[in-house]
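**Q** The amino acid sequence is not available; the structure is as follows:
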């Protein structure tokens with residue numbers, strides 16, 4: 001259903017609407033902010049992935065009497 005959802009002309013139309021709404025000066029700033037956000041998200045996800053060690057089986061505790 002969503003196989004070819006975004007064709008190149010869809011992206012051009014979205015860009016044209018953004019330029020009309022926000023002006024040509026704001027679009028590069030928004031793109032820069034989006035890029036920074038994506039970089040931060042990517043680095044945080046990588047840090048979270050590296051922080052979680054490989055699951056090692058814990059020694060089972062012996063039942064107390």
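**A** Done, it's in. The shown structure was predicted, so the numbers you read here are calculated from the model rather than taken from an experiment.
**Q** To what extent is residue 18 buried, counted in neighbours?
**A** Residue 18 has 15 neighbouring residues, counting by other C-beta atoms under 10 Å. The way it works is simple: take the backbone N, C-alpha and C, and place the C-beta from them, glycine included.
**Q** Please, which helix or strand holds it?
**A** For residue 18, the element it lies in under DSSP states H and E is helix 8-22.
**Q** From the contact counts, what lies against that helix?
**A** For helix 8-22, the elements it packs on are helix 26-51, judged by 3 or more C-beta pairs under 8 Å, 6 or more residues apart in numbering; DSSP states H and E.
**Q** what's the average pLDDT for the helix it packs on?
**A** For helix 26-51, mean pLDDT rounds to 90.
**Q** orientation of it relative to helix 8-22 in degrees?
**A** Per axes from the mean of the first three to the mean of the last three C-alpha atoms, to 10 degrees, the angle that helix 26-51 makes with helix 8-22 is 110 degrees.
**Q** list the helices and strands helix 26-51 packs on?
**A** Helix 26-51 packs on helix 8-22, going by 3+ C-beta pairs under 8 Å, 6+ apart.
**Q** How far away from the center of its chain is the helix it packs on?
**A** The chain centre lies 21 Å from the centre of helix 8-22; the measure is C-alpha atoms, centre = their mean, to the nearest Å.
**Q** ok, residues contacting that helix?
**A** Applying C-beta atoms under 8 Å, 6 or more residues apart in numbering, the external contacts of helix 8-22 come out as 27, 30.
**Q** Find the centremost residue of the protein, please.
**A** A centroid search over the chain (C-alpha atoms, centre = their mean) returns residue 38, at 5.1 Å, as the residue closest to the centre.
**Q** How much space separates that residue from residue 18?
**A** Residue 38 sits 17 Å away from residue 18, going by C-beta to C-beta, to the nearest Å.
**Q** same question, residue 41
**A** To residue 18, residue 41 is 21 Å away according to C-beta to C-beta.
**Q** next one: residue 30
**A** Distance, residue 30 to residue 18, by C-beta to C-beta: 8 Å.
**Q** same check, this time on residue 5
**A** Distance from residue 5 to residue 18, by C-beta to C-beta: 18 Å.
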